[in-house]
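Peer 1: Just need the structure, nothing else, for what follows:
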Amino acid sequence: MRPVFPPLLAPVSRQKSVFVEDAKFLRQQTTKPIKWALPGLMTMIDTLFDDHYKSREKLAWEFAKILNQEAKELEAAGVDIIQFDEPAFNVFFDEVNDWGIACLERAIEGLTCETAVHICYGYGIKANTDWKKTLGSEWRQYEQAFPKLQQSNIDIISLECHNSHVPLELLELIRGKKVMVGAIDVASNTIETPQEVADTLLKALQFVDADKLYPCTNCGMAPLSHQVANAKLNALHAGAEIVRQQLLAKIR
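Peer 2: Numbers count the residues shown, from 1 in each chain. Have a look, this model is predicted:
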């Protein structure tokens, strides 16, 4: 079930920054790269009842401008990678290709930092897990958007790969892009072994260049306890190290 928000009755606008002060604080705490996630415009419009623009596309273009403003301020605050979360890209295929990716390009316009789009099948909540059960034995939704994304200016594409029914050969469609390969299942409390993580990454390496593969989780881990989330992140690190050592051994 989608969240229920009041109807949109007037033009959308950005009164002030949402995350910039938080980004400035984080930048002061570390010299390491920072990645910041923003909601994707298509995912935003899917949770609004629009009684002003009366057009999903028009509303999306307005949000693209607003997200671009926020992204530019985040970049100025020292954020190295700005990610847009777009699970809706796995649902509204025609709109994604007609104007969704174009709107995403508008949201990153003028940025010099790296940009990413995260396209998953949702958190590990009941509504999403029930939906996944209806998708059949092969999840080929990525196939719809990958060709245009491969031609887009987005630098990184973040995907759900572990414990899903996504045929990993679809990754060949975005060859040349940096790919964040989801190797941790966020819909389960079961802790992956390092070898399970490594196996997912090694399968993806058949279709993603090694210098462009970034191990990650399928989605956010908000529904999980801190203990489970930390254990899964430790497994992700250990699994990535297994793969790194195998790759290094091949070039020695």
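Peer 1: give the contact list for the residue nearest to E62 when sequence neighbours are not counted.
Peer 2: Excluding its sequence neighbours, the residue lying closest to E62 (Cβ to Cβ, 6 or more residues apart in numbering) is V12, at 5.2 Å. Yep, even glycine has a C-beta here, placed from its N, CA and C like the rest. Applying Cβ atoms under 8 Å, 6 or more residues apart in numbering to V12 gives the contacts 59, 62-63, 66.
Peer 1: Those residues in helices, which ones?
Peer 2: 59, 62-63, 66 (DSSP state H).
Peer 1: Including neighbour count, could these go into CSV?
Peer 2: Formatted as CSV, the ones in helices among the contacts of V12 follow (neighbours: other Cβ atoms under 10 Å):
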residue, neighbour count
L59, 22
E62, 18
F63, 23
I66, 17
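Peer 1: In three-state terms, label the nearest residue to P11 once chain neighbours are set aside for me.
Peer 2: Take P11 and drop its neighbours on the chain: the residue closest to it by Cβ to Cβ, 6+ apart is H52, 6.4 Å away. Classification of H52 using DSSP: H, G, I helix; E, B strand; the rest coil returns coil.
Peer 1: Verify the contact between H52 and L9 for me.
Peer 2: Yes - the pair H52 / L9 is scored as a contact, 5.6 Å apart, by Cβ atoms under 8 Å.
Peer 1: the more surrounded of these two?
Peer 2: Using other Cβ atoms under 10 Å, the more surrounded residue of H52 and L9 is H52, with 15 against 9.
Peer 1: Let me see the contact set for that one.
Peer 2: 8-11, 59.
Peer 1: quick one: pLDDT of it?
Peer 2: Here the pLDDT value assigned to H52 is 88.
Peer 1: In the stretch 51-200 of the chain, where is pLDDT below threshold?
Peer 2: 124 (pLDDT under 70).
Peer 1: Quick one: the helices in it, in order.
Peer 2: 56-76, 93-95, 101-107, 126-132, 142-150, 194-204 (DSSP state H, counting those that start in this stretch).
Peer 1: Same question for the host helix or strand of G239: list its buried residues.
Peer 2: Assigned by DSSP states H and E, G239 falls within helix 226-251. Applying a neighbour-count criterion of 16 or more other Cβ atoms under 10 Å, one finds 228-229, 231-232, 235-236, 239-240, 242-243 buried in helix 226-251.
Peer 1: other SSEs contacting it?
Peer 2: helix 194-204, strand 213-216 (3 or more Cβ pairs under 8 Å, 6 or more residues apart in numbering; DSSP states H and E).
Peer 1: With secondary structure as new columns, can the contacts of H52 be given to me in CSV?
Peer 2: Shown next, in CSV, are those (three-state DSSP):
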residue, secondary structure
L8, strand
L9, coil
A10, coil
P11, coil
L59, helix
